[in-house]
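Visitor: I would like to see how this sequence folds:
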Amino acid sequence: MTIDIRAIPGADVEQALALTELAFHSKESEDERERNHKVLATCERIGAYDGDTLVGMVAAHRFEVSVPGGDLPCAGLDFVVVAPTHRRRGVLSRMLDEQWRRCAAAGQVLSCLWSSESAIYGRFGYGPATEGYGVEIDSARPLALRIDPDPRPLRLLDPARAAAVLGPTYAAQRSRRAGRIARDDDWWSAHVLPDDEDEGPIRVVVLGEPGAAPGGYAVYRAEAGDDVTRAPGVIEVSELEADDAAAAAALWAYLASIDLTSKVVAWVRPPDDPLLSFAADRDQVRVTRQFPALWLRLVDVGAALTARSWAAPVDVVLDVRDGVLPANHGRFHLTAGPDGATYEATEAPPDLTVDVRELATCYLGGTPLGRLVAAGLVTERTPGAADRLDAALRTPLLPYAHEDY
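Guide: Model prediction:
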């Protein structure tokens, strides 16, 4: 069997959507299919063909992802599928080899994805770089708070016109946390504020006077209750951004006060969300799940490490293992600090032996390297080396990704 790896032309996008439905056991509505067609049309598409039949696909968004100290170009993988008739034949490996070639040509030093099966992507060098918490608020009673909420007024916006108001606030917040993608107008309309009849109307609430910079905002949907079972409705929060804890308290209190509902759910929040600290009753505000969110791949380890900012000086030799991209594999001297970083090949004895997936897991500052040493995934050859590197990697806020694109 000969499998040809090549670009998927626009004429084959419908075949690509059919392959996605086959692989994920789904049947999309006409609206969903139209949306996915538009998304695929804007992505780079790599296909695996058996003759004229598409049997595998990897699509990639052209992202700018926030990292400590700035942004980096990133290939955001999506629609990663292999037909069930062609699994375990190296199809995905060959498509990703082509993806790495394209990343190098485009200067994309990172790649990211949301994983449907966590066991798959570690062998390709991806590590879980952000963690998500699912949060649920019992809103059958007012939200009890330990702090005073911001007293500024709340107002609802028309979602069709909200991006212009929300955009600057989102941009400011993403600069504070790593792991977040930059948005243009098309992304706001298609992914954040879509006109989606299947899901119900989007609501947008903003904190602050008209014309003033918002102190925060929330994007949510209200799921109606059941008249037969008398089950009350649910508020589903897709996004909440706030300048500070008082602004966040005002928005959460509002969401918990909406009539004819008894529960507020947010499918992913950062582990250091201030809500979990300023809630007066942690039986009322619960973490319902904890999971790896955004998976990251350092396509060019040296470029990634020297592009981010560093919280403290560090001087270590890393023995990096990368079985997929040979240019990353080897021994390197990392010297970094608040004034910048250098990363050069060396023959010096290593302080740490680390697989590229563990470097990706720690890169945004969300997972301490020392935790991976304790787990047996990183070897510390010089005592204290992991602590020194952790101090340099540390960020004021944990990284956060919530857009499962």
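Visitor: Excluding residues flanking it in the chain, which one is nearest Gly69?
Guide: Closest residue in space to Gly69, ignoring its immediate chain neighbours: Ser309 at 2.7 Å, by CB to CB, 6 or more residues apart in numbering. Using the backbone N, CA and C atoms, a C-beta is placed for each residue, glycine as well.
Visitor: helix or strand for that neighbour, which one?
Guide: Per DSSP states H and E, Ser309 falls between elements, in no helix or strand.
Visitor: Same check on the one 10 residues further on?
Guide: With elements taken from DSSP H and E, the one containing Asp319 is strand 314-321.
Visitor: if we can go back for a sec, tell me the contacts of the residue nearest to Gly69?
Guide: The contact partners of Ser309, by CB atoms under 8 Å, 6 or more residues apart in numbering, come to Pro68, Gly69, Gly70, Pro338.
Visitor: so where's the protein shaky on pLDDT?
Guide: The chain contains residues with pLDDT under 70 at 1, 197-198, 227-230.
Visitor: what do you get if the cut-off is 50, keeping everything else the same?
Guide: Within the chain, no range satisfies pLDDT under 50.
Visitor: re earlier: give me the phi and psi for the residue nearest to Gly69.
Guide: Dihedral angles of Ser309 (phi, psi; degrees, to the nearest 10) stand at phi -90, psi 160.
Visitor: Now do it against Arg394, distance only.
Guide: Distance, Ser309 to Arg394, using CB to CB, to the nearest Å: 11 Å.
Visitor: Between the contacts of Ser309, identify the one with the most neighbours.
Guide: The most neighbours of any of the contacts of Ser309, using other CB atoms under 10 Å, belong to Pro68, which has 19 neighbours.
Visitor: pretty sure it contacts Arg394?
Guide: No - taking contacts as CB atoms under 8 Å, Pro68 lies outside contact range of Arg394: 9.0 Å.
Visitor: what sits in contact with each of those two?
Guide: Common neighbours of Pro68 and Arg394 (CB under 8 Å, 6+ apart) are Ala311, Gly365.
Visitor: quick one on the thing from earlier: parallel or antiparallel, list what pairs with the strand holding Asp319.
Guide: Here strand 314-321 is paired, per DSSP bridges, with strand 330-337 (antiparallel), strand 352-355 (parallel).
Visitor: Wait, a helix at Ala391?
Guide: Yes - assessed with DSSP: H, G, I helix; E, B strand; the rest coil, Ala391 lies in a helix.
Visitor: and the closest residue to Ala16 other than its chain neighbours, what are its bridge partners?
Guide: Computed as CB to CB, 6+ apart, the closest residue to Ala16 that is not its neighbour in sequence is Met57, at 5.4 Å. When bridges are called by DSSP bridges, Met57 pairs up with Gly47, Val81.
Visitor: try the one 10 residues further on
Guide: Legend: beta-bridge partners of Val67 under DSSP bridges are Gly70.
Visitor: And it, how close does it get to Ser262?
Guide: Remark: distance between Val67 and Ser262 (CB to CB) = 40 Å.
Visitor: Also Pro274?
Guide: Taking CB to CB as the measure, Pro274 falls 23 Å from Ser262.
Visitor: Please, where are all the helices along the stretch 201-350 of the chain?
Guide: For the stretch 201-350 of the chain, the helices defined by DSSP state H, counting those that start in this stretch cover 245-255, 275-278, 301-307.
Visitor: can you put the ones you listed in TSV and add mean neighbour count?
Guide: Shown next, in TSV, are the helices of the stretch 201-350 of the chain (neighbours: other CB atoms under 10 Å):
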stretch	mean neighbour count
helix 245-255	22
helix 275-278	18
helix 301-307	20
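Visitor: could those be laid out in TSV, adding distance to Gly125?
Guide: Below are the helices of the stretch 201-350 of the chain laid out as TSV (distance: least, CB to CB, whole Å):
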stretch	distance to Gly125
helix 245-255	35
helix 275-278	32
helix 301-307	10
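Visitor: which of the strands paired with strand 314-321 sits most buried?
Guide: Of all these, strand 352-355 has the most neighbours on average by mean count of other CB atoms under 10 Å, namely a mean of 21.
Visitor: C-terminal to that strand, what's the next element?
Guide: helix 356-363.
Visitor: who touches that following helix?
Guide: With contacts defined as CB under 8 Å, 6+ apart, helix 356-363 is touched by 67, 122, 125-129, 295-298, 301, 304-305, 308, 318, 320-322, 324-325, 328, 367-369, 372, 377-378, 389-390, 393.
Visitor: now the residues you listed: which count as buried?
Guide: Neighbour counting with 16 or more other CB atoms under 10 Å marks 67, 122, 125-129, 295-298, 301, 304-305, 308, 318, 320-322, 324-325, 328, 367-369, 372, 378, 389-390, 393 as buried within these.
Visitor: returning to what we had before: the strands paired with strand 314-321: which one's closest to Glu34?
Guide: strand 352-355 (41.2 Å; CB to CB).
Visitor: List the buried residues of stretch 178-196.
Guide: Buried residues in stretch 178-196, defined by neighbour count with 16+ other CB under 10 Å: Ala178, Gly179, Arg180, Ile181, Arg183, Trp187, Trp188, Ser189, His191, Val192, Leu193.
Visitor: Please parse this structure into its domains.
Guide: 4-108, 132-292, 300-393 (automatic domain parsing).
Visitor: count of neighbours near the residue nearest to Ala16?
Guide: For Met57, using other CB under 10 Å, the count is 28.
Visitor: same deal with Ile120?
Guide: Ile120: 14 surrounding residues under other CB under 10 Å.
Visitor: and the residue nearest to it when sequence neighbours are not counted, what does it touch?
Guide: Once flanking residues are discounted, Ile120 sits nearest to Leu92: 7.8 Å by CB to CB, 6+ apart. For Leu92, the contact set (CB under 8 Å, 6+ apart) comprises Gly56, Val58, Val80, Val82, Ile120.
Visitor: circling back to that earlier point, just tell me which of the domains of the chain ends up closest to Ser115.
Guide: Nearest of these to Ser115, taken as CB to CB: domain 132-292 at 7.3 Å.
Visitor: Next, the distance between the ends of the closest one.
Guide: One end of domain 132-292 to the other measures 6 Å (CA to CA, to the nearest Å).
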